[in-house]
Structures are given as C-alpha cells and as structure tokens.
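Trainee: coords please:
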Amino acid sequence: MGDARRRIPRTDLLLADPRLAKAADDLGRGVVKAVVAAAQERARSGELAPEGVADEAVASLPSSASSLREVVNATGIVVHTNLGRAPLSAAAVRAVAEAGGSTDVEFDLADGRRARRGRGTLAALAEALPEAGGPDGVHVVNNNAAALLLCALTLAPGKEIVISRGELVEIGDSFRIPDLVTSAGARLREVGTTNRTHLADYADAIGPDTGFVLKVHPSNYVVSGFTSAVPIADLARLGVAVVADIGSGLLRPHPALPGEPDAASALAAGADLVTASGDKLLGGPQAGLLFGDHGLLHRLRRHPAARALRVDKLTLAALEATVRGPAPPVRAFLDTDPGTLRSRAERVAEALSRRGVDAVAVPSIAAVGGGGAPEVELPSAAVSLPEDYAVLLRHGRPAVVGRVERGRCLLDLRTVVAASDDRLVEAVARCTS
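Mentor: Okay, the predicted model is just below:
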C-alpha cells in the first residue's frame, strides 16, 4: 500500500478546489492556505485520511478573515470586558456594515462642503439626553479613559485636580485613574480619607492652582460601614468646575440598578462635565462620552489631542444606531424576567436530555459586570452540565463560554439572547459526537 502520506493532495491542487478557490476570493489566499496546511498536517499525523483533506479544509474555513471568533456569552456577566463588553444590537451591526464604505461622516451632501464630523451621532445623543442642551453639549472620544485624559490636558495642565482619596480607582489590568490624569501634566490634590471625605476637605484644598474637582464613581468596589462622600450637588457650589466620571454609561436611572449613577442626574446636580463609557450599560461600541458645559466642551474639542482621541466612522455609526434604534442586548439582558429565563432553561435542558446529555435547569445569579454595580445580583437561570463541557464548548464553533461552579458547567441564559437557544442546544450536542 505504501506510505499513506504520499497520497495527501498537494497545496496547489487543494487551492484549485472550487470551494476553496471561492473561499480564497472571499477570505484571502493566505487565510485559506493556512487552513489547508492545518488539514494536511492532520493527515500526516494520521488523524485524517488523505482523501478527506479537502473536505476537512472546507469544514474548517473561518467565517471571516479576522482572527476574532464569535463567542456565545453564557457566563451570566452582562458586560463582560474579556468578551468585548456590550454586544451590539442588530441595528448597530447593520449601521457598521453600511458605514464600511465611503460615507458622509464629515461631508454635507446638500452643499458639497465639509461638515461637522459625526453630527448625526451628536444629535442623537443630545436627543437622548436633553439635559446636555443640544449637540454642542456632547463630545465623543475613543473610550472613557480618553475622555478623562482630554479633560486633564485641557482644563488642568500644570494645575491641581482635587479628588477624594476614596475615589483613587484602579480598574482592569492595573490601570489607575491617578496615573492617567498625572500623565497629562496635572497634579493630584488628594483630600479626605479612604472611607470618609467631607465638603470642607474639598473647600480647604481649592485655590488658584485648582484646575477642577474630579468626582469618580468607584464602580468596581464598595466601601461600607463608617463612610461618607460628598454629592455632586454640594461640590457644584464650590465655584470651580466639577468633572463627574460616572463610568458605566447610563443616560438615565434604571430600576434594576438603584445605586448606579447616570448622566442626566449628574448634570441636573450641577456637574460641569460628565464622562462615561459607550460600551457598557449604554450597550453600544467602545467610546468615551462627554456631556455638559458648552464652553468647556468647545475647549476640549479645540485641544490638539482631541484629534488623536477621536472615533472613526464605524464607531459613530454604531453609537447613533444604538441610541436611535431598538433597545440593545444589554438593556434586554437587564430587563428580562427571571421566570422567562427559568422557562428557557427548562426547554434547553429538556432538549439536551433527549439527546442523552446530562443537562438540568438550575437557578443562578448573574452580575452586571464591566466594573458596574458590584453589589447588584440579578436572579437568573442556567443549564447545568458536567464540568468537562466547559473546555469542549470553548473550542466549538461558535465558541460558548460558561462558568464552572461546584464541579458543574453552568450556561447562564441571562446573557444569551433567546433566539440563540437552539444554537446553544446544537453547540452542546456537538460536544457529545
């Protein structure tokens, strides 16, 4: 019979297969060639018959030329930073696709002249938050850290930023607010203590070198017990600009998140500028949102760093569609009734049981995530599987990421759109074949 490896088809012959040739046109020759090489290697190792190389290569083709893989978030964490934070709505996805070519992002089609960049997005945000006083009260940069950095660069170069010691926040990957603002050439003036800060502490620190007072919502931790903090309304009476970093991006209060600050309330309380993230509780793309005083925002827009921090047309398109369109998935995840989740979990578990899978519907507790509302527990429901499914599902297509608790793999349905339940069933069933 000879060495079976000699029967493995050559790369050029495989690439000439009509199915793979079409894929090369869609995905790029290099992407398809890498898939072919992987199939050939499996045949050389004896895992695959030489005659099956072409079919294996076709079955292994990615859906796009990007290395990013689709993931079904079944962790129960609504805003999961490692999984890309907020999933975009269908309306936002369509807007991104349509904006992929040439657009009127900075061009007026009526008179053929240059126009204000992203004017439609700014108008949409202003409509959603009338407290901003129109498009001049809105600015968008590439993330919330950039929004704070631009404030420091514009309003406090060589000056002091007054902040409570209890709000010197560190977020993910050892990123610290103090390091960010001091990198802009500002000096921090820390006031109060870790657990208690009073209005007099701020008042005593304000002087001719004060750039602004920074109020940071400590969104990823809670200090409880003998504590006190100064509300924005009191800080607004000190006679200096107040910048409020609310973090998670709520435009208005949400009943499921009673302690989470929102932009409308912060502006109504007297904050001169409010900064927030676009890809957390707002449910849109990564962006930094700034709302507030028109004069201050004009200064921020004119700073040389503003161009380096601006967003592209795809972000503007997704952000506008998020605000104008139907409720994004994050809002749906927060609003879903636990009873509905319970019924879905029972249906999924029953469908899997019929296929011989050890699957049981169980109660669960989901979380907001994304550094927001750390004390809020969201009643949920999950499908419980044997622990080894956690690894198998992560390697599937699509990849499914759950969480492991007490020796079981839980697929929490609060963060899975209902339309994906059948896909979830199929993904789990494939792990048994």
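
Trainee: The stretch 101-250 of the chain: helices as residue ranges?
Mentor: For the stretch 101-250 of the chain, the helices defined by DSSP state H, counting those that start in this stretch cover 119-128, 144-155, 177-182, 199-205, 232-235.

Trainee: Of all the ones you listed, which one is nearest Thr11?
Mentor: Nearest to Thr11 among these is helix 144-155; the distance by Cβ to Cβ comes to 45.2 Å. Glycine gets a C-beta too; all of them are placed from N, C-alpha and C.

Trainee: Run the chain-centre distance for that closest one.
Mentor: 20 Å (Cα atoms, centre = their mean, to the nearest Å).

Trainee: where does the stretch 251-400 of the chain dip in pLDDT?
Mentor: Within the stretch 251-400 of the chain, the stretches with pLDDT under 70 are 371.

Trainee: Mind jotting down where the helices sit in it?
Mentor: 263-269, 294-302, 305-308, 313-324, 329-335, 338-354, 389-394.

Trainee: Now do the contacts for Val222.
Mentor: 374-375 (Cβ atoms under 8 Å, 6 or more residues apart in numbering).

Trainee: Please tell me how far the closest residue to Ala367 other than its chain neighbours sits from Ser380.
Mentor: Leaving aside its sequence neighbours, Ala367 sits nearest to Ile77 (Cβ to Cβ, 6 or more residues apart in numbering; 5.3 Å). Using Cβ to Cβ, to the nearest Å, Ile77 is found at 11 Å from Ser380.

Trainee: can I assume Pro218 is in contact with Val169?
Mentor: Yes: in this structure, Pro218 is within contact of Val169 by Cβ atoms under 8 Å, at 5.5 Å.

Trainee: How is this structure divided into domains?
Mentor: As assigned by automatic domain parsing, the chain contains the domains 10-59, 71-85+331-430, 90-325.

Trainee: can you tell which of these is closest to Ala4?
Mentor: Across the domains of the chain, closest to Ala4 is domain 10-59 (Cβ to Cβ), at 5.8 Å.

Trainee: Might you report the residue contacts of Ala332?
Mentor: Per Cβ under 8 Å, 6+ apart, neighbours of Ala332: Val417.

Trainee: please redo it, this time with the cut-off set to 10 Å
Mentor: Ala332 makes contact with 78, 89, 283, 326, 414, 417-418, according to Cβ atoms under 10 Å, 6 or more residues apart in numbering.

Trainee: Is it possible to get CSV of those residues that adds neighbour count and distance to Ser102?
Mentor: As requested, the contacts of Ala332 are arranged in CSV below (neighbours: other Cβ atoms under 10 Å; distance: Cβ to Cβ, whole Å):
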residue, neighbour count, distance to Ser102
Val78, 32, 35
Ser89, 22, 24
Gly283, 26, 27
Pro326, 12, 27
Arg414, 28, 40
Val417, 16, 32
Ala418, 12, 37
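
Trainee: returning to what we had before: using a markdown table, please lay out the domains of the chain together with distance to Asp3.
Mentor: Shown next, in a markdown table, are those (distance: least, Cβ to Cβ, whole Å):
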| stretch | distance to Asp3 |
| --- | --- |
| domain 10-59 | 10 |
| domain 71-85+331-430 | 31 |
| domain 90-325 | 48 |
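
Trainee: Go ahead and report the secondary structure state at the residue positioned nearest the centre of the chain.
Mentor: In the chain, the C-alpha nearest the mean C-alpha coordinate belongs to Arg85, at 2.4 Å (Cα atoms, centre = their mean). Three-state assignment for Arg85 (DSSP: H, G, I helix; E, B strand; the rest coil): coil.
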